[in-house]
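1. the following block contains a protein sequence and its predicted model.
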Amino acid sequence: MSVRIGTRGSALALTQTQQTAELLSAVGGFETELVRIKTEGDVRTGSLAQLGGTGVFVAALREALLADRCDVAIHSLKDLPTGGTPGLAIGAIPARADVRDVLCARDGLTLAQLPEGAKVGTGSPRRAAQLRAARPDLEVLDIRGNVDTRLGRVPGLPGNAPDAPGDLDAVVLAAAGLTRLARTDVVSEYFEPDVMLPAPGQGALAVECRFDDAPARENGVPVPDAVQGVLAQALAAIDDADTRLAVSAERALLARLEAGCAAPVGALARRKGSLLYLDAVVCSPDGKQSVRLNKATDGLTDVGAHLLGIELAEELLARGVAEFAELGA
């Protein structure tokens, strides 16, 4: 038996897909092969917001799954739209990596040490808004490209090509991606969540499959004695219950706010003992307005996590975030 795993073709996508393929192969005892799929986000240029945000890195992979050109597809969960696709399911969410955002700056500078007017690049409106809130004097620029392309915009970083442009003072990236690529030597500062809340689902991967291959679940927990195929059993084995709970809450909040991955919304849920805590922030694009709230629940099921996200989103909406944030995109 060989399982075909759909992936984007970037270095990061291939790396995280290969790591997930090895997990599946180890627990399932089958061979895997990677199927490279080119997505709209890989082809088109322009900012994430201009491209439509949510789904530009996903649609082609989903089409390949439905057309039986692959058996599962690996997504960065923060790129996955909150609305499902008929016939498909998230079969597994492996244990989450580092959720934090990081600063990669020239000369090892931290955010506080960057000079007034320093140029900082990011493709994320969420990161841009929180950067502007923390340092209104910075010039935050919208950038696109893979990890190496973005790092090449900062002079002197380890691993940069000799002809890299080096035209920025810093860029902001996800710690998880740099960790998976073994490029954490470029990090000058890790942003704790109290400084910059990550995107909903950041640091997590989603293994999407056709519905018939998805593990049977009860309250989000795989049913151990269910009669299922080898692939479904392997997906159940690599699924991490706490990560699934956390991202369920974060994505429910995002869905209720009608916000996509291009919206200035940060959220992070974490289980601590018998409670699930959710922090969220909604910002105006210029960073001048924001509302940050938190809430907890003892409902440690998919339903409980989902309700937590909805309830916190309602509180944010009641505080008027729709008046200054670009929601409904």
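-> On my side now, so go ahead.
2. which residues are in contact with Gly309?
-> For Gly309, the contact set (Cβ atoms under 8 Å, 6 or more residues apart in numbering) comprises Ser248, Ala249, Glu250, Arg251, Ala252, Leu253, Leu254, Ala255, Arg256, Ala267, Ala269, Leu278. The C-beta positions use only the backbone N, C-alpha and C, and glycine is treated the same way.
3. next, the buried residues of the host helix or strand of it.
-> Gly309 is part of helix 302-318, with elements assigned from DSSP states H and E. Burial within helix 302-318, assessed by neighbour count using 16 or more other Cβ atoms under 10 Å, is assigned to 302, 304-313, 316-317.
4. what do you get for stretch 295-304?
-> Applying 16+ other Cβ under 10 Å to stretch 295-304 flags Lys295, Thr297, Gly299, Leu300, Thr301, Asp302, Gly304 as buried.
5. can I get that stretch in PDB, CA atoms only?
-> Included here for stretch 295-304 are C-alpha records, laid out as PDB according to Å, rounded to 0.1, in the frame of the first residue of the first chain:
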ATOM      1  CA  LYS A 295     -12.200  33.500  28.200                       C
ATOM      2  CA  ALA A 296     -12.100  30.000  29.500                       C
ATOM      3  CA  THR A 297     -14.200  26.900  29.500                       C
ATOM      4  CA  ASP A 298     -14.200  23.500  31.300                       C
ATOM      5  CA  GLY A 299     -15.900  21.900  28.200                       C
ATOM      6  CA  LEU A 300     -13.000  19.900  26.900                       C
ATOM      7  CA  THR A 301     -14.700  18.600  23.800                       C
ATOM      8  CA  ASP A 302     -14.800  19.800  20.200                       C
ATOM      9  CA  VAL A 303     -18.300  21.200  21.000                       C
ATOM     10  CA  GLY A 304     -17.100  23.000  24.100                       C
END
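6. coming back round to it: pipe the buried residues of stretch 295-304 into CSV and attach pLDDT per row.
-> Formatted as CSV, these follow (pLDDT from 0 to 100):
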residue, pLDDT
Lys295, 98
Thr297, 97
Gly299, 91
Leu300, 94
Thr301, 94
Asp302, 93
Gly304, 97
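7. just the closest of these to Ser25, please.
-> Asp302 (27.2 Å; Cβ to Cβ).
8. so who does that closest one touch?
-> Arg217, Asn219, Gly220, Arg244, Leu245, Ser248.
9. so what's it closest to, chain neighbours aside?
-> Gly220 (3.3 Å; Cβ to Cβ, 6 or more residues apart in numbering).
10. ok, now how distant is that neighbour from Arg271?
-> The gap separating Gly220 from Arg271 is 13 Å, by Cβ to Cβ, to the nearest Å.
11. overlap in contacts of these two?
-> Leu245.
12. related to what we said a few turns ago, I figured the residue nearest to Asp302 hits Ala241, correct?
-> Yes: with contact defined as Cβ atoms under 8 Å, Gly220 reaches Ala241; the gap is 7.3 Å.
13. higher neighbour count, the two?
-> Neighbours per residue, other Cβ atoms under 10 Å: of Gly220 and Ala241, the larger number sits with Gly220, 18 against 15.
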